[in-house]
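**Q** Build me a model from this:
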Amino acid sequence: MSYWSVVLILITVCLFILPLLPALLELFHPTDMAPLKVVQAYDNNPMYFAEGFQNYIHTHLIQPDGGRTVKRADTLADGTSYQRLEENEQVDFGGKQHTHKLLFSHYSLTLPGEKIFEAEVFSGLRLVTGAGSHFRALMANESLAIGDNSTVWRWAHSDGDVTVGRNAALNGRVTSRKTLTLGIGCRFERLHAAKIVCGTENIEPEFMPQMERTVLAELPDVKTLAGRRSLLEGDLDFPAGHEFDGDIVAGSTALIGDNAYIKGNIKSNALNDLTHYLHSTGAMTDKTKGSARCELGNHVRIDGAVISTHDLIIGQYCRILGPVIAENLLVIRTGTIIGSPLHPSTVTAPEIIIESGCIIYGSLFATKQGMVRTAIGLNEEIAA
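**A** You can find the predicted model right below:
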């Protein structure tokens, strides 16, 4: 073998090894062995951003003894521009439609409409916003009122009540330690409060059913019975005006009749219907989509959780104590109450349509988008 052949082979081997050199060095001399730091509070605590901003305010803008800040308008140590507002003082927009300054006040604030607030707004008392404005983030210690057609891009919070006007868009998180009231047409993503009121709180039912129910001792088509849990072979058609003491897992669609009472949890593997139809026909039709669902009639009471692997439709004036989870569309009709003051719950789905007159105690989380709409009559069809 000639000298140049050996050189060529060595160069080729080096070219192959060169991309692997960092990995080989880390293999024989590891330097990155520490576990990754995961901040779980980001997901577990819905008020994570609000509490962080509260700490930021106390660190940069409030003296340790609780006194007022020294400068009225300046730049903080981290380069953030801010404006401190006295009582009844107006925001200085400098002749523009927007402001990039962080707004801070110990007093109540009333903000004008049709403006853009590119930084956070903080009020030590009550904060009221005008209609049609856009906000990065809002925080008020006593109460917060967001105007009609306004947009919150990141988060909003109040230790007191929060009221949201009609057709507002709430991107990110909106939280309250007391009552959060949403106007008609309001769009939301992640909400948390002691009490969430959608539209009007007190909507009287058109009729009240007889509360006498027939006890259902056992369910048909039970595949497995383990303690209180009944696993069904196929779908569930729970009769109206009946009650059952136990947990139910339906193999496919679950339909719960009016005035039914289930003293436990219910899960519908509704997606199994779609899988069956797709394998057998290879096509998706409106009938197919409509079959994959869990549907509760009117005046239904569930003492536990309600879970659907596809659509979930909850009728009018239902009472659900546990979490409500759907993996596709969730419709909650007027008068329904989920959770209780002593037992906060969680309602989550990719898409949520919730009618005026519903109350949620705890968290309401739409991974794509949620919307509050006007309540429709009992005989009107729900347009999904």
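**Q** what sits against Val91?
**A** Val91 sits next to 83, 85, 99, 103, 111-112, 115 when contact means Cβ atoms under 8 Å, 6 or more residues apart in numbering. C-beta here means a position set from N, CA and C on the backbone, and glycine is covered the same way.
**Q** And Cys14, what's its pLDDT?
**A** Here the pLDDT value assigned to Cys14 is 80.
**Q** now swap in Asn265 and tell me
**A** pLDDT, Asn265: 96.
**Q** Pull the number of nearby residues for the closest residue to it other than its chain neighbours.
**A** Computed as Cβ to Cβ, 6 or more residues apart in numbering, the closest residue to Asn265 that is not its neighbour in sequence is Gly304, at 3.5 Å. Using other Cβ atoms under 10 Å, Gly304 is surrounded by 18 other residues.
**Q** Distance check, Gly304 against Ala240.
**A** 20 Å (Cβ to Cβ, to the nearest Å).
**Q** Go through the contacts of Val91 and flag which are in strands.
**A** 83, 99, 103 (DSSP state E).
**Q** Now do stretch 162-182: distance to the chain's middle.
**A** 11 Å (Cα atoms, centre = their mean, to the nearest Å).
**Q** got it, and stretch 75-89?
**A** 32 Å.
**Q** So what would you say the end-to-end distance of it is?
**A** End-to-end span of stretch 75-89 (Cα to Cα, to the nearest Å): 19 Å.
**Q** Would you mind checking the average pLDDT for that stretch?
**A** 82.
**Q** do stretch 17-37 as well
**A** 75.
**Q** Just the buried subset of the ones in strands among the contacts of Val91, please.
**A** For those, a burial check counting by 16 or more other Cβ atoms under 10 Å picks out 83, 99, 103.
**Q** Looking at these, which is nearest His134?
**A** Thr99 (11.2 Å; Cβ to Cβ).
**Q** show me what contacts His242?
**A** Applying Cβ under 8 Å, 6+ apart to His242 gives the contacts 213-216, 257, 260-261.
**Q** who's it bridged to?
**A** Thr214 (DSSP bridges).
**Q** do you know how far it is from Val300?
**A** Taking Cβ to Cβ, one finds His242 at 11 Å from Val300.
**Q** what touches both of the two?
**A** By Cβ under 8 Å, 6+ apart, His242 and Val300 have these common neighbours: 257, 260-261.
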